[in-house]
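Enquirer: I would like the atomic coordinates for the input below:
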Amino acid sequence: MNSTPVSRLRGKRALVTAGAQGIGAAITRALLEAGCAVYVHYRSSRTEAEALIAAGRTLGIACVAGAADLTVPGESERMVAESVATLGGLDVLINNAGSLVARRTLAEGDEAFWEEVMALNLSTLRRVTRAAAPHLIASAAQAGGASVVNLASLAGRKGGHGGSLAYSTAKGAVLTFTRALAQELGPQGVRVNAVAPGLILGTSFHTTHTTPESAQATIAGIPIRRAGTPEDVARAVVFLAGEFDGFISGATLDINGGVYSA
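Expert: Residues are numbered from 1 along each chain as shown. Prediction:
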């Protein structure tokens, strides 16, 4: 019988950006439960990060955390170097950092707003991945593979709801980045995949940017008639992380309850 992705992650080392709250925290917990040591990046969620460190201690799995503003030049590289030094290497990278920032139409979104959204959702992902790639390649050479999982969005597939033009564009670029990077790093043993969550309630993202009325209207159009949870996303991310030596690469796993998104 083949090993499951969960058991195959035991002893691996992962970096999760924005890993202390919401979807990121669910991913961190799922990786820890899979036996994977985790470096949790956060910007301001120190209390939440400390709770995850305590959870790792209970499980007997290493969990460390560090703060960084990834939009500041040099911070991505410093954070990756710190994670590698702390964990002793890197096998898995989860690029989770990103946000809608605000809902603005084309007319309402000025140059500064566009650049802020692109910097947070796309440029930080590129810088973190660029800094982590040599370490992932080294791990792949020693252990037979490494994984990158990028957090995109259903908005990157469909264009999103009103006022999400900039965010949807950035997340669509994440999907293309994933496919292109899978081709670039595949020969060196690194698998690159993405997940594209739909409506995931219980996160600061939707608490801030989605009204209850809008959420209910969206749920009415979901075939399974419920919103997703952070844990729904975490299970998919852990599965793809466990495919570090598998045949899945350049793929996007849609997590939206059956909403057509091709």
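Enquirer: Need the phi and psi values for the nearest residue to Arg8 once chain neighbours are set aside.
Expert: Sequence neighbours aside, Gly242 is the residue nearest to Arg8 in space, at 5.0 Å (criterion: Cβ to Cβ, 6 or more residues apart in numbering). For every residue, glycine as well, the C-beta is placed using N, CA and C. With angles defined as degrees, to the nearest 10, Gly242 sits at phi -70, psi -10.
Enquirer: Gly242: neighbour count?
Expert: Using other Cβ atoms under 10 Å, Gly242 is surrounded by 23 other residues.
Enquirer: Let me know the distance separating it from Ile27.
Expert: Distance of Gly242 to Ile27, given as Cβ to Cβ, to the nearest Å: 13 Å.
Enquirer: swap in Gly145?
Expert: Distance of Gly145 to Ile27, computed by Cβ to Cβ: 19 Å.
Enquirer: now the helices for the stretch 101-250 of the chain?
Expert: Using DSSP state H, counting those that start in this stretch, the helices of the stretch 101-250 of the chain run over 111-118, 124-143, 154-158, 165-185, 204-209, 212-220, 230-241.
Enquirer: mind putting those helices in TSV, distance to Arg103 included?
Expert: TSV is the format used below for the helices of the stretch 101-250 of the chain (distance: least, Cβ to Cβ, whole Å):
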stretch	distance to Arg103
helix 111-118	11
helix 124-143	21
helix 154-158	11
helix 165-185	9
helix 204-209	6
helix 212-220	10
helix 230-241	22
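Enquirer: Tell me which of those helices lies nearest to Thr47.
Expert: helix 204-209 (13.9 Å; Cβ to Cβ).
Enquirer: tell me the contacts of the residue nearest the centre of the chain?
Expert: In the chain, the residue lying closest to the centroid (Cα atoms, centre = their mean) is Asn96, at 2.6 Å. Going by Cβ atoms under 8 Å, 6 or more residues apart in numbering, Asn96 touches Val16, Thr17, Ala18, Gly19, Ile23, Gly24, Ile27, Leu151.
Enquirer: beta partners for Leu151?
Expert: With DSSP bridges as the criterion, Leu151 is bridged to Val195.
Enquirer: I'd like to know how many residues surround it.
Expert: 25.
Enquirer: With Leu9 instead?
Expert: Neighbour tally, Leu9, other Cβ under 10 Å: 27.
Enquirer: That one against Val38, yeah?
Expert: No. Using Cβ atoms under 8 Å, Leu9 is not in contact with Val38, being 10.4 Å away.
Enquirer: where do the contact lists of these two overlap?
Expert: Taking Cβ under 8 Å, 6+ apart as the criterion, Leu9 and Val38 both touch Leu31.
Enquirer: what helix or strand does Ile15 sit in?
Expert: That one is not Ile; residue 15 is Leu. When elements are assigned from DSSP states H and E, Leu15 belongs to strand 13-16.
Enquirer: Now do that strand: which elements does it pack against?
Expert: With contacts taken as 3 or more Cβ pairs under 8 Å, 6 or more residues apart in numbering; DSSP states H and E, strand 13-16 sits against helix 22-33, strand 37-42, helix 75-87, strand 92-95, helix 124-143.
Enquirer: average model confidence for that strand?
Expert: For strand 13-16, the mean per-residue pLDDT is 98.
Enquirer: which residues sit against it?
Expert: Here strand 13-16 has contacts from 24, 27-28, 31, 36-41, 80, 83, 87-94, 96, 128, 132, 139, 241, using Cβ under 8 Å, 6+ apart.
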